[in-house]
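Show me the folded form of this:
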Amino acid sequence: MNKVYGYVGTDTNLRVPNYISSIDGFAFQNCTFNSVELPNTLKYIRDAAFYNCNNLKYIIIPSSVQYIDEHAFGQCTSLSQCVILGDISSIGVATFSKCNSLTGISLPETVSRIGE
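This is a model prediction of the structure:
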């Protein structure tokens with residue numbers, strides 16, 4: 001499995017490479033990018049992967065993602081929109097906790113668990 005374990009950089013618009021299948025816990029914690037493009041090869045977004053990314057405003061979760069772990073986008077205070085595509089069935093506890101700017105989230109009908 002090709003994972004992102006961490007990131008050190010100053011990109012404002014980040015593009016995760018197409019061969020990545022998992023973003024590890026805390027991999028992008030405290031990063032300052034405004035947007036991130038996730039590949040269609042991505043299957044897992046682990047715990048707190050984007051925690052405290054305060055400049056992140058919008059995210060599209062590709063249809064390949066099977067699971068979003070707890071606190072994945074916690075404290076992303078500028079995140080206003082999230083679109084989750086595909087057949088994801090489970091979203092972890094507090095995935096969007098303290099995302100105070102979040103005004104819209106699009107969930108597929110296949111989501112059967114949030115926070116378990």
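
switch to C-alpha atoms for all contacts and neighbour counts from now on
Fine.

wait, what's in contact with the nearest residue to Ser90 once chain neighbours are set aside?
Closest residue in space to Ser90, ignoring its immediate chain neighbours: Arg113 at 4.8 Å, by Cα to Cα, 6 or more residues apart in numbering. For Arg113, the contact set (Cα atoms under 8 Å, 6 or more residues apart in numbering) comprises Ser89, Ser90, Ile91, Gly92.

if I look at the residue nearest to Asn34 when sequence neighbours are not counted, how far off is Tyr19?
Leaving aside its chain neighbours, Asn34 sits nearest to Leu56 (4.4 Å; criterion: Cα to Cα, 6+ apart). To Tyr19, Leu56 is 23 Å away according to Cα to Cα, to the nearest Å.

which of these two has more neighbours?
Leu56 (23 against 13; other Cα atoms under 10 Å).

ranges for the helices of the protein?
In the chain, no helices are found when defined by DSSP state H.

quick one: low-confidence parts of it?
116 (pLDDT under 70).

For Ser78, see how far away Gly25 is.
20 Å.

Tell me where the chain has strands.
Along the chain, counting by DSSP state E, strands occupy 3-4, 13-15, 22-23, 35-37, 44-45, 58-61, 67-68, 81-84, 90-91, 104-106, 113-114.

now the ones you listed as JSON lines including distance to Lys98?
Listed next are these as JSON lines, based on distance: least, Cα to Cα, whole Å:
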{"stretch": "strand 3-4", "distance to Lys98": "24"}
{"stretch": "strand 13-15", "distance to Lys98": "22"}
{"stretch": "strand 22-23", "distance to Lys98": "21"}
{"stretch": "strand 35-37", "distance to Lys98": "18"}
{"stretch": "strand 44-45", "distance to Lys98": "18"}
{"stretch": "strand 58-61", "distance to Lys98": "15"}
{"stretch": "strand 67-68", "distance to Lys98": "16"}
{"stretch": "strand 81-84", "distance to Lys98": "14"}
{"stretch": "strand 90-91", "distance to Lys98": "16"}
{"stretch": "strand 104-106", "distance to Lys98": "14"}
{"stretch": "strand 113-114", "distance to Lys98": "16"}
